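Asks: structure of the sequence below:
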Amino acid sequence: MRSTIAKTLGLHFIIVLFALGLAYLIDIAVLALEDHASSTFQFLPRILVGLLVPLLTSFLMLYLAWYLFRSDSFRQPSSLVYLILGAIGIVIFTSNFVPFPIWLRSTVIGKIQSTSSRVGFDSIFYWVSCYLLVLGVIGKIRARK
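Replies: Take a look at the predicted model:
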């Protein structure tokens, strides 16, 4: 029983880290496209990506929610993983609006924070973090019933 719970938690932890990592890479790619568009005046690729990425991200997050709520593995501990890591992602993003310690700037958190400060509120990383937090809250409510 415990090994099944550990495997399930590990799987959900990997899913959440993959979602956040992919969202971060998408933000970096969009920033690179913006830099390229501003230097070459070719804005069509950036416009297409700006239109397609939120749509694709929405479908992937809805598929994740559908998968989680249909599977039996989304229980109390798993929903806690989504809740905590989603909250950490939101805190990392919102740290742009408060003073950031200098010693944290060279860490992974500092690199994510510096990228999210360039992206703004249309950040896919922020969006996915919020979605994961909501999935965690819904999972906790669902586990009570």
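Asks: mind listing what's buried in whichever helix or strand L62 is part of?
Replies: Element membership for L62, per DSSP states H and E: helix 44-70. With burial defined by 16 or more other C-beta atoms under 10 Å, the residues of helix 44-70 counted as buried are R46, V49, V53, T57, M61, L64, A65, L68. Every C-beta, even on glycine, is put in place using the N, C-alpha and C of the backbone.
Asks: in this protein, where is pLDDT below threshold?
Replies: 1-2, 5, 73, 116, 145 (pLDDT under 70).
Asks: all the helices of the chain, residue numbers only.
Replies: 2-40, 44-70, 76-94, 108-119, 124-144 (DSSP state H).
Asks: so which of these comes closest to F100?
Replies: helix 108-119 (6.2 Å; C-beta to C-beta).
Asks: distance from that closest one to the middle of the chain?
Replies: Offset of helix 108-119 from its chain centre (C-alpha atoms, centre = their mean, to the nearest Å): 13 Å.
Asks: same check, this time on stretch 19-38
Replies: For stretch 19-38 - counting by C-alpha atoms, centre = their mean - the centre lies 13 Å from the chain centre.
Asks: so which residues make contact with it?
Replies: 42-43, 45-46, 49-50, 53, 57, 60-61, 64, 85, 89, 112, 115-116, 118-119, 123-125, 127-129, 132 (C-beta atoms under 8 Å, 6 or more residues apart in numbering).
Asks: redo that, cut-off 7 Å
Replies: The contact list for stretch 19-38 (C-beta atoms under 7 Å, 6 or more residues apart in numbering) reads 43, 45-46, 49, 53, 85, 89, 112, 115, 118-119, 123-125, 128-129, 132.
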